[in-house]
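A.B. asks: Give me coordinates for this.
(one chain, ligands or ions: 2)
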Amino acid sequence: MPLFSFAVCVFVICIRVLEFSCLPVGVYGASGLRYQVDIELLRFENAQGLEINGLPCDPMKQGCDTRFFAYLDWIKPDEEWPGFRDFEEDDTVFEVAEAVPTSFDINKIFIAQLCTGNHSQNNITLRVKVQDDDRIFRGSDDLIGNFNCRFAVSPEKNVYTASWSEPTTCEAVKYLSIQPTIRLTFRTKMFFTEGECVDLEHR
Ligand SMILES: [Ca+2]
Ligand SMILES: [Ca+2]
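C.D. replies: Ligands and ions are numbered 1, 2, ... in the order given. Next comes the predicted model:
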């Protein structure tokens, strides 16, 4: 691996879920101040175990095999779903171990490091797709909901002064209708950091 690529991988922009692992992505020019964004998916509510169309995820009301895909969109955060890019298999971030219960805490944290000079947007959107995983055995996977978790960029001075925002409800993307009993919540924390400023380019 070229030295430059290695240095970028180690020092700069990673989106991480649970553990730090670098995405095989390119980088582009650096300017501005570097800041870190932490986004935590808090809880998912789907007490009735529904798909987006209002039907039960699986026959006989066996619950939902809930699976979450997510990516952080700071390139086109204000655009409509799905934003900057489509979802990929690698975007899986969380799966429930059991089909029931269908409401549960998630508590998964994303971390990204960005540069103020590289993008003019004042907002960032975590795009989250939630589906009932059926995997061949019970037919095709079913969509439970798509969500835009939007927040404004407002880094604190440093990690010591930064604190978590209040829990916020993600905006459900309308598909014919919206299931009001299905809700996803998140919170954020942002602060300026030391170091070279290099930004991420999505795959
Ligand atoms: Ca199903
Ligand atoms: Ca299922």
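
A.B. asks: is it true that Leu114 touches Tyr35?
C.D. replies: Yes. Leu114 is within contact range of Tyr35, at 6.1 Å (criterion: CB atoms under 8 Å). Backbone N, C-alpha and C define where each C-beta goes, glycine included.

A.B. asks: Which of these two has more residues huddled nearby?
C.D. replies: Using other CB atoms under 10 Å as the criterion, Leu114 and Tyr35 rank with Leu114 on top: 26 against 21.

A.B. asks: Check what pLDDT the more buried one gets.
C.D. replies: You'll see Leu114 listed with a pLDDT of 87.

A.B. asks: again, but for the one 3 residues further on
C.D. replies: At Gly117, the predicted lDDT confidence score is 72.

A.B. asks: Relative to the strand or helix carrying Arg67, what are the paired strands and their orientations?
C.D. replies: Using DSSP states H and E, Arg67 maps to strand 66-73. Strand pairing for strand 66-73, using DSSP bridges, gives strand 92-95 (antiparallel), strand 123-132 (antiparallel).

A.B. asks: can you list the residues of this protein near ligand 1?
C.D. replies: Taking CB under 5 Å from the ion as the criterion, the chain approaches ligand 1 at residues 57-58, 132, 134, 142.

A.B. asks: Of those residues, which belong to strands?
C.D. replies: Members of the residues of the chain next to ligand 1 lying in strands (criterion: DSSP state E): 132, 142.

A.B. asks: can you pull the contacts of the nearest residue to Lys129 once chain neighbours are set aside?
C.D. replies: Nearest residue to Lys129 in three dimensions, chain neighbours excluded: Phe69, at 4.3 Å (CB to CB, 6 or more residues apart in numbering). Counting by CB atoms under 8 Å, 6 or more residues apart in numbering, Phe69 touches 87-88, 91-93, 128-131.

A.B. asks: Mind pulling the model confidence for Ile13?
C.D. replies: pLDDT, Ile13: 38.

A.B. asks: hmm, I was thinking of Glu156
C.D. replies: pLDDT, Glu156: 95.

A.B. asks: Can you report how many residues neighbour the nearest residue to it once chain neighbours are set aside?
C.D. replies: Distances taken as CB to CB, 6+ apart put Ala162 closest to Glu156, at 3.9 Å, once the chain neighbours are dropped. By the criterion of other CB under 10 Å, Ala162 has 17 neighbours.

A.B. asks: Cool, thanks, talk later.
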